[in-house]
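Q: how would this look folded up:
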Amino acid sequence: MPEHLRALVVVLGLCSAAWWFMQPAIAQASAAQTARQWRNLWFGLTVAAFALGSFWIYAGLAVVLLLAQRFTPVRALTAYCLLLIVVPAASIDVPGLGLINYFFTLDQPRLLALVLLTPAALTLWRQSDSLRLGSTWADKCLMGYLLLTAVLQLRESNVTSTLRGCFYLMTDMFLPYYVASRAVRRLQDFKLVMAAYVMAVSLLGLVAVFELLRHWKLYTVMTSALGLSWGYGNYLGRDGLLRAAASAGHPIVLGYMMTVGLGFWLYLRGEKKPNLRSSAPMLLMMAGLLATLSRGPWVGAVAMVLTFVFTGRGGMRKALQLVVAGAATLAAMATLGIGQRVLNLLPFIGQTEAGNVEYRQRLIDNALIVIERNLWLGSTNYLQTPEMQAMIQGEGIIDIVNSYIGVALNYGVVGLALFASFFASILWSLWRTQARLPMNDERRTLGRSLLATLVGIAVIITTVGSTIVVPHIYWLTGGLGVAWLTMLRRGVDARAL
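A: Numbering: from 1, shown residues only. The predicted structure follows:
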């Protein structure tokens with residue numbers, strides 16, 4: 001049996017077990033019939049991607065299935081979250097039909113944006129009750145950043161490449177934010193979108209554990225079978241263990257996605273007394289997060305949980321208790337043999353691959369020198385500078401493992417200010433607004449969840465560049481933050497939803 005079909009059998013077995021385990025929790029958040037529809041769609045497209053042997057055939061099938069659903073805008077966003085990494089975000093060129101070399105590159109997120117988010121955005125744009133574009137600070141910052149990046153592409157590109165770049169900005173940045181910020185209007189809408197995302201990443205929890213234990217990357221063969229170009233999916237190890245990546249392509253990206261899913265689960269878990277199966281999505285995502293052996297997402301997850309606890313009842317006291325309990329646990333682990341091995345994997349404490357931490361510090365130091373030379377608008381040739389050439393790794397690449405540094409190098413402090421202001425404006429508004437609501441108000445729990453998730457994202461992207469699906473998720477989550485603020489401004493009563 002070909003390797004990609006053997007991998008399919010394993011993925012189906014693992015994900016079927018994960019689905020059985022978490023089905024009650026997902027059904028409770030989204031309704032049983034909706035959960036079954038999501039299951040059928042996710043498993044169906046997974047089988048198609050592994051078995052068909054051509055991305056074009058897979059894409060055609062996906063387009064037909066998705067368009068036949070006639071999704072409302074919020075349902076389209078839900079399907080986008082569910083299917084974002086059902087196929088790795090590897091790309092293929094759309095042929096230019098003899099007119100140009102190629103029209104644009106297509107990957108799974110971009111395919112979903114075209115089929116799902118574009119019709120949803122057009123529908124929302126025509127609705128008179130949709131929030132006007134530019135009416136929030138987040139809108140202004142995003143539009144300013146989008147316009148700046150579009151104009152600065154002219155520095156190194158011809159007209160065709162610039163148009164192609166602008167197209168990517170619309171599909172990868174604007175559409176996820178715009179649809180998320182305008183389509184989601186009720187608590188039930190938030191539950192649907194968050195539950196779909198949680199289901200998608202939870203299904204990969206057992207896959208990640210399998211990759212860690214069996215040293216076999218299951219989705220790498222899918223990209224080869226589909227004929228896709230993929231600069232990721234390599235076997236990366238740490239302390240003799242394989243770092244799981246599943247369909248995310250890179251361990252840090254998978255850890256980032258798991259952390260965001262855990263942030264959403266802080267709201268979806270509800271107030272009922274948890275049991276094993278009702279906590280299944282959380283357990284699966286935690287297992288997937290640990291299996292990545294990615295320290296940046298671990299730190300981001302800790303920051304996220306502390307933020308959520310701090311904004312709750314008795315927040316300061318409970319946050320301090322968590323910190324003390326964590327410190328005591330680390331101290332106890334230091335006395336055990338296996339505990340010492342775990343401690344060695346932790347950032348700042350352990351010695352395993354300490355050079356990665358040093359590389360990140362050197363990157364900041366060298367990048368600041370380069371940024372100072374092109375302070376306001378960045379440059380296109382920063383990789384050729386002596387400071388950045390000194391950062392070449394053994395693979396022969398310069399890895400910009402910090403999204404903020406990447407923005408500043410490309411677009412200067414103007415671009416960085418717009419980029420950071422987008423998140424800062426949403427975080428500040430979330431912080432102020434959730435604090436005004438009663439502690440037992442469901443809307444406050446949702447606001448705390450979004451605030452904590454965005455804090456976790458802000459921390460994690462200091463350790464990973466804006467690559468693969470990283471930007472799609474932070475623009476989408478920012479959009480959900482704006483949607484929550486809009487819901488509060490419109491005076492929607494949670495009891496009526």
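Q: Thr467 touches Ile252, doesn't it?
A: No: between Thr467 and Ile252 there is no contact under C-beta atoms under 8 Å: 9.5 Å. (C-beta placed from N, C-alpha, C; glycine too.)
Q: what's the neighbour count on Thr149?
A: 20 (other C-beta atoms under 10 Å).
Q: that one falls within a strand, correct?
A: No: assignment of Thr149 by DSSP: H, G, I helix; E, B strand; the rest coil gives helix, placing it outside any strand.
Q: what's the spacing between it and Gln393?
A: 27 Å (C-beta to C-beta, to the nearest Å).
Q: just Phe422 next, same as before
A: From Phe422 to Gln393 the distance is 30 Å (C-beta to C-beta).
Q: between these two, tell me which one has more neighbours.
A: Neighbour totals were compared for Phe422 and Gln393, and Phe422 leads with 24 against 10 (other C-beta under 10 Å).
Q: what's near enough to touch that one?
A: 138, 141-142, 145, 478 (C-beta atoms under 8 Å, 6 or more residues apart in numbering).
Q: part of a helix, is Phe103?
A: No: membership of Phe103 in a helix is not supported by three-state DSSP, which gives strand.
Q: tell me, how many residues neighbour it?
A: If we define neighbours as other C-beta under 10 Å, then Phe103 has 16 of them.
Q: list the contacts of it.
A: Taking C-beta under 8 Å, 6+ apart, one finds 93-96, 164 in contact with Phe103.
Q: quick one: the strands in the chain, in order.
A: Under the criterion DSSP state E, strands of the chain are mapped to 92-95, 102-106, 237-238, 241-242.
Q: out of those strands, flag the one nearest Ala121.
A: strand 102-106 (17.9 Å; C-beta to C-beta).
Q: that closest one pairs with which strands, parallel or anti?
A: If you go by DSSP bridges, strand 102-106 pairs up with strand 92-95 (antiparallel).
Q: give me the residues contacting the partner strand.
A: Taking C-beta under 8 Å, 6+ apart as the rule, strand 92-95 contacts 55-56, 101-107, 227-229.
Q: try 6 Å this time
A: 55, 102-106, 228 (C-beta atoms under 6 Å, 6 or more residues apart in numbering).
Q: who wins on neighbours among those residues?
A: That'd be Phe55 among the contacts of strand 92-95, by other C-beta under 10 Å, with 23 neighbours.
Q: one step back: out of the contacts of Phe422, who's the most crowded?
A: That'd be Leu142 among the contacts of Phe422, by other C-beta under 10 Å, with 27 neighbours.
Q: could you pull up the contacting residues of that residue?
A: Leu142 touches Phe422, counting by C-beta under 6 Å, 6+ apart.
Q: same thing but at 7 Å, please
A: 177, 422 (C-beta atoms under 7 Å, 6 or more residues apart in numbering).
Q: ok, now Leu77?
A: Here Leu77 is in contact with 120, 179-180, 183-184, 193 (C-beta under 7 Å, 6+ apart).
Q: residue ranges in this structure under the pLDDT threshold?
A: 271-273, 336-341, 348-352, 354, 394, 492-497 (pLDDT under 70).
Q: so Leu377 makes contact with Leu154?
A: No: between Leu377 and Leu154 there is no contact under C-beta atoms under 7 Å: 11.7 Å.
Q: and those two? Which one has more around it.
A: Per other C-beta under 10 Å, whichever of Leu377 and Leu154 has more neighbours is Leu377, with 15 against 12.
Q: give me the neighbour count for the residue nearest to the more buried one when sequence neighbours are not counted.
A: Spatial nearest neighbour of Leu377, excluding adjacent residues (C-beta to C-beta, 6 or more residues apart in numbering): Gly412 at 4.2 Å. As a burial measure, Gly412 scores 19 neighbours (other C-beta under 10 Å).
Q: mind checking how far Gly412 is from Phe422?
A: 16 Å.
Q: same question, Asn101
A: 33 Å.
Q: likewise Val414?
A: For Val414 relative to Phe422 (C-beta to C-beta), the value is 13 Å.
Q: and Leu8, what does it touch?
A: 47, 50-51.
Q: recalculate using a threshold of 6 Å.
A: Contacts of Leu8 (C-beta under 6 Å, 6+ apart): Phe50.
Q: including distance to Leu343, could the contacts of Phe422 go into JSON lines?
A: Output for those, formatted as JSON lines (distance: C-beta to C-beta, whole Å):
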{"residue": "Ala138", "distance to Leu343": "40"}
{"residue": "Cys141", "distance to Leu343": "40"}
{"residue": "Leu142", "distance to Leu343": "41"}
{"residue": "Tyr145", "distance to Leu343": "40"}
{"residue": "Gly478", "distance to Leu343": "35"}
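Q: of those, which is the nearest to Ser202?
A: Gly478 (22.6 Å).
Q: thought Ser425 was touching that closest one, still the case?
A: No: using C-beta atoms under 6 Å, Gly478 makes no contact with Ser425, being 9.3 Å away.
Q: and the longest helix seen in the chain, how far out from the chain middle?
A: In terms of residue count, the longest helix belonging to the chain (DSSP state H) is helix 403-435. Its chain's average C-alpha position is 17 Å from that of helix 403-435, according to C-alpha atoms, centre = their mean, to the nearest Å.
Q: show me which positions of it end up buried.
A: 403-427, 429-430, 433-434 (16 or more other C-beta atoms under 10 Å).
Q: right, I'll call it a day here.
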